[in-house]
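Enquirer: Output the structure for:
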Amino acid sequence: MNGNPVTGWEDDPPPRTGFAAMRHRDFLLLFLGKNFGFIALHAVLVAVAYQVYDITGDVLNLAWIGLATFAPAIGFALFTGYVADRFDRRLVIAGCSALIMIAAILFMVFSLSSMTEVWPVFAILLLLGTGRAFYQPAANSFVPNLVPKIELPNAIAWYTSANKICQTAGPALGGIIYGFAGPEAVYGGAAVILAFGTVSFLLIRTTNPREEVERPTLHNLLAGLRYVMEKKIVLGAISLDLFVVLLGGVTALLPVYAKDILHVGPEGAGLLRSSFAFGALLTGLALTRIAMRKNVGVTLYISVVVFGLATMVFGLSEVFWLSLAAMFVVGAADMVSVNIRVSLIQLATPDEMRGRVNAVNSIFTGASNEIGEFRAGGMAAMIGAVPAVLVGGVGSIAVAAIFWKAFPQLARVQRMDRDL
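Expert: Alright, predicted model coming up:
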């Protein structure tokens, strides 16, 4: 046998890093389309929140904005993955981008009408949320169709880095444009950018292999959930993220820390959030240069432990620069974890199931973020912000230890460029 002495594979080609995935025209178009679309999306969401609060002065409406945006992902949970698996993913994501573009145009019309009632905003947010709900499973499942399998970890590193680019640039652009030119300019500019994104998706030539379309029976709509429950590596990766985010999220408490503990005001709160995003972005870009060829499962658990420890440092810190550094490490560890988990889920799932499995993952991720922020805020109200953050950090480390025992298959994964 001429297998590799470490991995045992007979064919062990060199890793593909750097710009390997970007050399594929269709992946580059997907990457550009996502950046266009999600920078515009985050700019719109910031502008909507500012405008609604300006009109009503009611902070509760900000909570309703989040709920209206996320509600379609729950309402269409059984169908988003089915659509991604049974139809042309290229057309699905282009249609979703066009739907979000229409929402941006409707927001501009609402703003120009000078209405003082905000109920139309929530109706438009449901439309926007529907586009986003169907986009996520289709786009995430499309990535493996666009690059060779050996380059998939590199493609996922670039694709997950795009999330942080959009989360960093979108809100900043939305806030700046809103301040200088008003909400109409944000919505109009976003619509134009989303149009470019839609065209970028339509220029993709690759189509995903599709079986004959089945009727959307309850049995095949739930196939993704059944697969997740049966495939221990996928179940471990998804549920690890669920519990860590539920326990370890601290972003909801950044205003409290900035005002009452670090005494740095709203500017400091913005810098803390930016430090988290910057750590994640730099790490994501670094991962495009690195091929994880051994101990991937162990690295995943280590990243969760580092995430928990850095969260505890942030919770205890009363020095601004140390808090910034801790948030940078939290973001970096989170990106390592995200990159590994997404790669494992994609590689461990057959193409005909990826849409439904990614839909399950999207629901778990979205729900854990929403409930995690509620957990942090509610616990802070009961026991104080510092204990709430410390509980989250300790809880993340405990989750890593529990999952190490509960999902040994996950810990034994060596590398990410093969089927699992």
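Enquirer: Next one, pLDDT for the residue nearest the centre of the chain please.
Expert: By Cα atoms, centre = their mean, the mean C-alpha position of the chain lies nearest to residue 163, the distance being 6.2 Å. With respect to pLDDT, residue 163 scores 80.
Enquirer: could you give me the average pLDDT of stretch 316-334?
Expert: Rounded mean pLDDT across stretch 316-334 is 91.
Enquirer: right, and the helix or strand after the worst-scoring helix or strand of the chain on mean pLDDT?
Expert: When each helix and strand of the chain is scored by mean pLDDT, DSSP states H and E, helix 218-221 comes last, with a mean of 65. Downstream of helix 218-221, the first helix or strand assigned by DSSP states H and E is helix 223-230.
Enquirer: Surely residue 277 and residue 331 touch.
Expert: Yes - Residue 277 is in contact with residue 331 according to Cβ atoms under 8 Å; the separation is 6.2 Å. Where C-beta positions appear, they are placed from N, C-alpha and C, glycine not excepted.
Enquirer: Between those two, which contacts overlap?
Expert: Counting by Cβ atoms under 8 Å, 6 or more residues apart in numbering, the common neighbours of residue 277 and residue 331 are residue 164.
Enquirer: Name the surrounding residues that touch stretch 122-130.
Expert: The list of residues contacting stretch 122-130 from outside it, by Cβ under 8 Å, 6+ apart, reads 41, 44, 48, 64-65, 68-73, 76, 99-100, 102-104, 106-107, 110.
Enquirer: Residue 323 against residue 315, yeah?
Expert: No - between residue 323 and residue 315 there is no contact under Cβ under 8 Å: 9.4 Å.
Enquirer: in stretch 170-186, what counts as buried?
Expert: In terms of neighbour count (16 or more other Cβ atoms under 10 Å), stretch 170-186 has its buried residues at 170, 171, 172, 173, 174, 175, 177, 178, 183, 184, 185, 186.
Enquirer: can you map out the helices along the stretch 151-300 of the chain?
Expert: Taking DSSP state H, counting those that start in this stretch, the helices of the stretch 151-300 of the chain run over residues 152-181, 183-202, 218-221, 223-230, 232-248, 254-256, 265-287, 296-316.
Enquirer: For residue 191, which non-adjacent residue is closest in space?
Expert: residue 104 (4.2 Å; Cβ to Cβ, 6 or more residues apart in numbering).
Enquirer: For that neighbour, give me its contacts.
Expert: Counted by Cβ under 8 Å, 6+ apart, residue 104 has contacts 40, 44, 128, 187, 188, 190, 191, 194.
Enquirer: give me the low-pLDDT residue ranges for the stretch 151-300 of the chain?
Expert: Under the criterion pLDDT under 70, the flagged ranges of the stretch 151-300 of the chain are 210-221, 252, 266-267, 270.
Enquirer: Now find how far off-centre stretch 377-395 is within its chain.
Expert: Its chain's C-alpha centre and that of stretch 377-395 lie 24 Å apart, by Cα atoms, centre = their mean, to the nearest Å.
Enquirer: measure it end to end?
Expert: 16 Å (Cα to Cα, to the nearest Å).
Enquirer: which element is residue 74 on?
Expert: Going by DSSP H and E, residue 74 is part of helix 60-75.
Enquirer: any idea of the mean pLDDT in that helix?
Expert: Helix 60-75 shows a mean pLDDT of 78.
Enquirer: what does stretch 377-394 give?
Expert: Throughout stretch 377-394, pLDDT has a mean value of 84.
Enquirer: got it, and stretch 41-49?
Expert: Stretch 41-49 shows a mean pLDDT of 87.
Enquirer: Would you mind putting the CA coordinates of it into CSV?
Expert: The C-alpha trace of stretch 41-49 is given here as CSV (Å, rounded to 0.1, in the frame of the first residue of the first chain):
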residue,chain,number,x,y,z
LEU,A,41,-28.5,44.2,3.6
HIS,A,42,-26.6,45.2,6.8
ALA,A,43,-26.7,48.8,5.7
VAL,A,44,-30.4,48.6,5.3
LEU,A,45,-31.0,46.9,8.7
VAL,A,46,-29.0,49.7,10.4
ALA,A,47,-30.9,52.4,8.6
VAL,A,48,-34.3,50.8,9.4
ALA,A,49,-33.4,50.6,13.1
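Enquirer: Distance from the chain centre to it, please.
Expert: Relative to its chain's centre, stretch 41-49 lies at 17 Å (Cα atoms, centre = their mean).
Enquirer: who wins for neighbours among the contacts of residue 104?
Expert: Among the contacts of residue 104, residue 190 has the most neighbours (other Cβ atoms under 10 Å), with 31 neighbours.
Enquirer: what's the closest non-adjacent residue to it?
Expert: Leaving aside its sequence neighbours, residue 190 sits nearest to residue 40 (Cβ to Cβ, 6+ apart; 3.8 Å).
Enquirer: could you check the distance from that neighbour over to residue 180?
Expert: 17 Å (Cβ to Cβ, to the nearest Å).
Enquirer: can you pull the contacts of residue 69?
Expert: Contacts of residue 69 by Cβ under 8 Å, 6+ apart are 45, 125, 128, 129, 132.
Enquirer: residues in contact with the first one?
Expert: Read it as residue 45. Contacts of residue 45 by Cβ under 8 Å, 6+ apart are 65, 69, 170, 171, 174.
Enquirer: Tell me how far it lies from residue 138.
Expert: 21 Å.
Enquirer: mind checking pLDDT for residue 102?
Expert: For residue 102, the pLDDT comes out at 97.
Enquirer: check contacts around it.
Expert: Each residue near residue 102 by Cβ under 8 Å, 6+ apart is listed here: residue 127.
Enquirer: Tell me how far it lies from residue 112.
Expert: According to Cβ to Cβ, residue 102 stands 16 Å off from residue 112.
Enquirer: can you check residue 333 too?
Expert: For residue 333, the distance to residue 112 (Cβ to Cβ) stands at 44 Å.
Enquirer: Which one's more surrounded, these two?
Expert: residue 333 (25 against 13).
Enquirer: what helix or strand is that one on?
Expert: With DSSP H and E as criterion, residue 333 is part of helix 320-347.
Enquirer: and the next helix-or-strand element following that helix, how far from the chain's centre?
Expert: From helix 320-347 onward toward the C-terminus, using DSSP H and E, the following helix or strand is helix 351-383. Mean-position distance between helix 351-383 and its chain equals 10 Å (Cα atoms, centre = their mean).
Enquirer: And the host helix or strand of residue 143, what's buried?
Expert: Secondary structure from DSSP H and E places residue 143 in helix 119-146. Neighbour-count burial for helix 119-146, with 16+ other Cβ under 10 Å as criterion, is recorded at 121-122, 124-125, 127-146.
Enquirer: and if you look at stretch 224-243?
Expert: Within stretch 224-243, the residues scored as buried using 16+ other Cβ under 10 Å are 224-225, 227-228, 231, 233-243.
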